[in-house]
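# Predicted coordinates and the sequence they were generated for:
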Amino acid sequence: MNDDLQRIREERLRELEASILGSTGRVVEISDDTFQDATKKHPCLVIDVWAEWCGPCRMVAPVIADLAQDFAGRVTFGKCNVDLNPRIATSFSITAIPTLLFFANGMLVDRVVGALPREAMRSRVMRAFGMG
């Protein structure tokens, strides 16, 4: 009986933490219209600027999805299709993709151009947001 109660308590605590933190480990869509709100809402935000036709972007996508899971509740990951959202590309002078933009409390703190290996990306995320 006590074990069941403890398990239920732990489960409720995880659910509560997830709802408070608001990050479920999913990659969110970022557009020209939602960009400002996203940078305000998420204190630690990484935006993957990509395009359908970009081969290296397709290599980065599963890594971004994995990192979103690893950092769930701490860092939010978003994707922004450069072809559909030219204002973001122009605002940040993006001339090559994939480009990752790192925002801490609404301020751009780092940028990665090109496809990095998973561990290198993980290190950049940790460094950008002062983790570890």
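Arrived safely, thanks for sending.
# check contacts around A104.
Contact analysis of A104 by CB atoms under 8 Å, 6 or more residues apart in numbering lists P43, C44, A128, F129. For the C-beta atoms, the positions are set from N, CA and C on the backbone; glycine is no exception.
# do the same with I47
Shown in contact with I47 (CB under 8 Å, 6+ apart): I30, A38, F77, G78, K79, C80, I88, L100, L101, F103.
# try 10 Å this time
Taking CB atoms under 10 Å, 6 or more residues apart in numbering as the criterion, I47 is in contact with 27-28, 30, 35, 38-39, 64, 76-80, 88, 92, 99-103, 108.
# Three-state assignment for the residue nearest in space to the middle of the chain, please.
Nearest residue to the geometric centre of the chain (CA atoms, centre = their mean): F77, 1.2 Å. For F77, the reduced secondary structure class is strand; criterion used: DSSP: H, G, I helix; E, B strand; the rest coil.
# That one and F71 touch, don't they?
Yes - distance between F77 and F71: 7.5 Å, which falls inside the contact criterion (CB atoms under 10 Å).
# Check the contact lists of the two and give me the overlap.
Residues touching both F77 and F71 by CB under 10 Å, 6+ apart: S23, G25, C44, V46, V125.
# Quick check, pLDDT for the residue lying closest to the second one once chain neighbours are set aside.
Just to be clear, that refers to G25. In space, G25 comes closest to A72 once its chain neighbours are excluded; the distance is 3.4 Å by CB to CB, 6 or more residues apart in numbering. pLDDT, A72: 92.
# So what's the residue count around A72?
When counting by other CB atoms under 10 Å, one arrives at 16 neighbours for A72.
# Over to F103?
23.
# For the nearest residue to it once chain neighbours are set aside, pull up the helix or strand it's in.
Nearest residue to F103 in three dimensions, chain neighbours excluded: L45, at 4.4 Å (CB to CB, 6+ apart). With the criterion set as DSSP states H and E, the secondary-structure element containing L45 is strand 44-50.
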